[in-house]
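Participant: Provide a 3D model corresponding to the input given below.
(2 chains)
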Amino acid sequence: MRKLSLAVMTAVLAMVPALGAFAQTNEGEVIVVHGVPDLLVDVYVNGDLTLEDFAYGDVAGPLALPEGSYALAVYAADADPNADAPALEGSADLPAGAVATIAAYLQEGGTPTLGVFVENNATIEAGSARVTARHLADFSAVDVLANDGAVFEGVTNGQGGDADVPADTYNIKITAAGDSGTVAFDADVALAEGTNTIAYAVGSVADGSFQVVTAAITGLADAPAGVPTGTAGLAATISPVVWAILAVLSVTALSGSVAVARNSR
Amino acid sequence: MKHMRIAFGLAAVGLGLGAVAMVGLLAGPDEAGDARAVEAVLASTSTTSTTAPTSSLSGGLIADDARWIANERPLLADLSPNPGRAPTALRIDALGIEAPVGAYGVDRLGRMDVPDNVTEVGWYKYGPAPGEPGSAVLAAHVDLAGPGRGLFFDLDELQPGELVVVSYSDATEQQFRVVARSTYLKTELPLDTIFSRSGSPVLTLVTCGGGFSRSARSYDSNVVVYAEPVETTDTTAAAS
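Facilitator: Numbering: from 1, shown residues only, chains lettered A, B, ... in the order given. The predicted model follows:
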């Protein structure tokens, strides 16, 4: 089995709470991922410096923003934004109520690029967790396995996917597609209930900078469907309908007794 | 004479039924305290407890203390649920209840999983522990076919003002005071409120009640008691 450098899981920090906090205000939330090795940057959004000295492997957020379009510019940290060209630039459309990841990352072949990915912040059924994987690394197609079973297969650079699974701790492996013996990542990961755990594979496998960084969207859990706590009927109460019927019957019986009493005279 | 006997008989039946009906109709709704107020508190909470600072984009640089934590990288293991302070026992003196509490999740039908016995109380482990923000749900059977009466058989007699004591895995205890009780048809149970994970801490005790269907072997309602943490005063400062 040929094992490539085992990446260490890092950067949990962006814990994004669910929709509720900003659904009312037509805002969305943004996670920013730095997946370009050896490049310290400053990030400008709509011309405003938003992240300073942002380093490879850093994950930042959540940043609440009004829905709309945003111009993104990434400058080397020692560059002059008024004179130099940005290292990367692009734009992002943020819908209301959405959570989006803006990532600077290497394409397969090593060219840096900027990408925007809308994350799945839909409600998760009670007892389940969501796992999202994004292939943002300079590498060919990969498979993502949980407990040695494939969750995502043939994922190429720039692609990703999400799946809902029972909340639990899983052994997660990232391997070359169709080749489970070529392992880029292998670690036990807790997939918390009601949380979308997003794993971004970044960097270059060939030069050893490859790593997996993460973010999490919390608070997505649905309530369970009920609380079944009684099967013997010992505590049963009588419904108001039955009481009403008894009341009517009692009035009928009493009036009947009066009628019989009258007739008997 | 025969007519008089019939008359007396009918009158007796009528008075008997009438008395029973009066008791039933006068028994009143199975509510105590202000359950609607508790529901409103749980339902109105928004998830404003962010774990990273947020800021609007207007105007240049973000202040230093609002910068995102870009350079600290705890291991992913920190994402795992913090076992922290799980409830381990429940005591309700007013009802003579003292029982262990176990952590439960979701059953195969998507309902809260509950103990299959009448000796343990179940705590919904995906929600908060009692005393943490949101509604901590403790459920136990009103009864169980076979064993008979369950731990929460008398839950519908618990009155506002009575105390509930929870013990935890870290050997601490917390008192809660009942503020409301309500019976809901299961089809009208406010699930999102009862299982809310944010807002003021509420301890929510749940069991079955109401009418019973022998064919379905289930009740048509849930009895729900809401309790709030009793503020403890810090006496250690006074002692020194």
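
Participant: name the helix or strand for the residue sitting nearest the centre point of chain B, please.
Facilitator: Closest to where the C-alpha atoms of chain B average out (Cα atoms, centre = their mean) is B:Thr204, at 1.7 Å. Per DSSP states H and E, B:Thr204 falls inside strand B:202-213.

Participant: is any residue of that strand near chain A?
Facilitator: Yes - for strand B:202-213, a contact with chain A is found by Cβ under 8 Å from any Cβ of the partner chain, at B:206-212. No exception for glycine: its C-beta is placed from N, CA and C like everyone else's.

Participant: possible to save those as a markdown table with pLDDT?
Facilitator: Shown next, in a markdown table, are these (pLDDT from 0 to 100):
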| residue | pLDDT |
| --- | --- |
| B:Val206 | 98 |
| B:Thr207 | 98 |
| B:Cys208 | 97 |
| B:Gly209 | 96 |
| B:Gly210 | 95 |
| B:Gly211 | 94 |
| B:Phe212 | 95 |
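
Participant: just the buried ones from those residues?
Facilitator: For the residues of strand B:202-213 next to chain A, a burial check counting by 16 or more other Cβ atoms under 10 Å in any protein chain shown picks out B:206-212.

Participant: flag the shaky bits of chain B, pLDDT-wise.
Facilitator: Along chain B, segments meeting pLDDT under 70 span B:1, B:21, B:23-29, B:43-84, B:233-240.

Participant: ranges for the strands of it?
Facilitator: Assigned by DSSP state E, the strands in chain B fall at B:31-33, B:87-92, B:97-104, B:121-124, B:135-139, B:143-144, B:148-149, B:163-168, B:173-185, B:202-213, B:218-229.

Participant: residues in contact with whichever residue of the stretch 1-150 of chain A sits closest to chain B?
Facilitator: Among all residues of the stretch 1-150 of chain A, A:Gly127 sits closest to chain B, at 3.1 Å; criterion: Cβ to the nearest Cβ. Each residue near A:Gly127 by Cβ atoms under 8 Å, 6 or more residues apart in numbering or on different chains is listed here: A:166-167, A:193, A:224, B:105-106, B:110, B:126.

Participant: please repeat the previous calculation with a cut-off of 7 Å.
Facilitator: A:166-167, A:193, B:105-106, B:126 (Cβ atoms under 7 Å, 6 or more residues apart in numbering or on different chains).

Participant: interface residues of the stretch 101-250 of chain A facing chain B?
Facilitator: A:125-127, A:169, A:189-190, A:192-194, A:197, A:214, A:216, A:219, A:221, A:223-239, A:243, A:246-247, A:249-250 (Cβ under 7 Å from any Cβ of the partner chain).

Participant: buried ones among these?
Facilitator: Counted by 16+ other Cβ under 10 Å, those give A:125-127, A:189-190, A:192-194, A:197, A:214, A:216, A:219, A:221, A:223-233, A:235-237, A:243, A:246-247, A:249-250 as buried.

Participant: show me the beta-bridge partners of the most centrally placed residue in chain A.
Facilitator: Note on chain A: the residue nearest the mean C-alpha position is A:Asn196, at 2.7 Å, using Cα atoms, centre = their mean. A:Asn196 has these beta-bridge partners by DSSP bridges: A:Arg130, A:Ile217.

Participant: do B:Tyr184 as well
Facilitator: Beta-bridge partners, per DSSP bridges, of B:Tyr184: B:Asn222.

Participant: wait, doesn't it sit right on B:Tyr219?
Facilitator: No - using Cβ atoms under 7 Å as the test, B:Tyr184 is too far from B:Tyr219 to be in contact (11.3 Å).

Participant: would you mind finding the longest helix in chain A?
Facilitator: When chain A is parsed with DSSP state H, its longest helix is helix A:240-263.

Participant: sorry, wrong one. I was asking about chain B.
Facilitator: helix B:2-26.

Participant: now do it: everything it contacts.
Facilitator: A:238, A:243, A:246-247, A:249-250, A:253-254, A:256-257, A:260-261, A:263-264.

Participant: could you rerun that using 10 Å?
Facilitator: Residues outside helix B:2-26 that contact it (Cβ atoms under 10 Å, 6 or more residues apart in numbering or on different chains): A:237-240, A:242-265.

Participant: angle of that helix against helix A:240-263?
Facilitator: Interaxial angle of helix B:2-26 relative to helix A:240-263 (axes from the mean of the first three to the mean of the last three Cα atoms, to 10 degrees): 150 degrees.

Participant: buried residues, helix B:2-26. List them.
Facilitator: Buried-residue list, helix B:2-26, by 16+ other Cβ under 10 Å: B:6-7, B:10-11, B:13-14, B:17-18, B:20-21, B:24.

Participant: repeat for stretch A:50-57
Facilitator: Of the residues in stretch A:50-57, those buried (16+ other Cβ under 10 Å) are A:50-51, A:54, A:56-57.

Participant: and A:Ala64, what pLDDT?
Facilitator: Per-residue confidence (pLDDT) for A:Ala64: 85.

Participant: between B:Tyr184 and B:Tyr219, which contacts overlap?
Facilitator: B:209-210.

Participant: who has more neighbours out of these two?
Facilitator: B:Tyr219 (27 against 21; other Cβ atoms under 10 Å in any protein chain shown).

Participant: and the more buried one, how far is that from A:Tyr44?
Facilitator: Separation of B:Tyr219 from A:Tyr44 (Cβ to Cβ, to the nearest Å): 61 Å.

Participant: likewise A:Ala223?
Facilitator: Following Cβ to Cβ, the distance that separates A:Ala223 from A:Tyr44 is 42 Å.

Participant: what of B:Asp107?
Facilitator: From B:Asp107 to A:Tyr44 the distance is 51 Å (Cβ to Cβ).

Participant: and if you look at A:Asp58?
Facilitator: Taken as Cβ to Cβ, the span from A:Asp58 to A:Tyr44 is 16 Å.

Participant: B:Glu39: neighbour count?
Facilitator: Neighbours of B:Glu39 (other Cβ under 10 Å): 22.

Participant: which residue packs closest to it, ignoring adjacent ones?
Facilitator: Once flanking residues are discounted, B:Glu39 sits nearest to B:Thr193: 4.9 Å by Cβ to Cβ, 6 or more residues apart in numbering or on different chains.

Participant: I'd guessed that neighbour sits against B:Ser182; true?
Facilitator: No - if you go by Cβ atoms under 10 Å, B:Thr193 and B:Ser182 don't touch, sitting 11.0 Å apart.

Participant: shared neighbours of the two, which are they?
Facilitator: Joint contacts of B:Thr193 and B:Ser182 (Cβ under 10 Å, 6+ apart) are B:38-39, B:224, B:226.

Participant: and those as CSV, adding distance to B:Glu98?
Facilitator: Below are the shared contacts of B:Thr193 and B:Ser182 laid out as CSV (distance: Cβ to Cβ, whole Å):
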residue, distance to B:Glu98
B:Val38, 25
B:Glu39, 29
B:Val224, 21
B:Tyr226, 21
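
Participant: quick one on the thing from earlier: let's see which of the residues of the stretch 101-250 of chain A next to chain B end up in strands.
Facilitator: Using DSSP E, those in strands are A:169, A:189-190, A:197, A:214, A:216.

Participant: from those residues, pick the one nearest A:Phe139.
Facilitator: A:Thr214 (17.9 Å; Cβ to Cβ).

Participant: quick one, grab the pLDDT at that closest one.
Facilitator: Value listed for A:Thr214 in the pLDDT field: 93.

Participant: next one: A:Ala85
Facilitator: At A:Ala85, pLDDT is 95.
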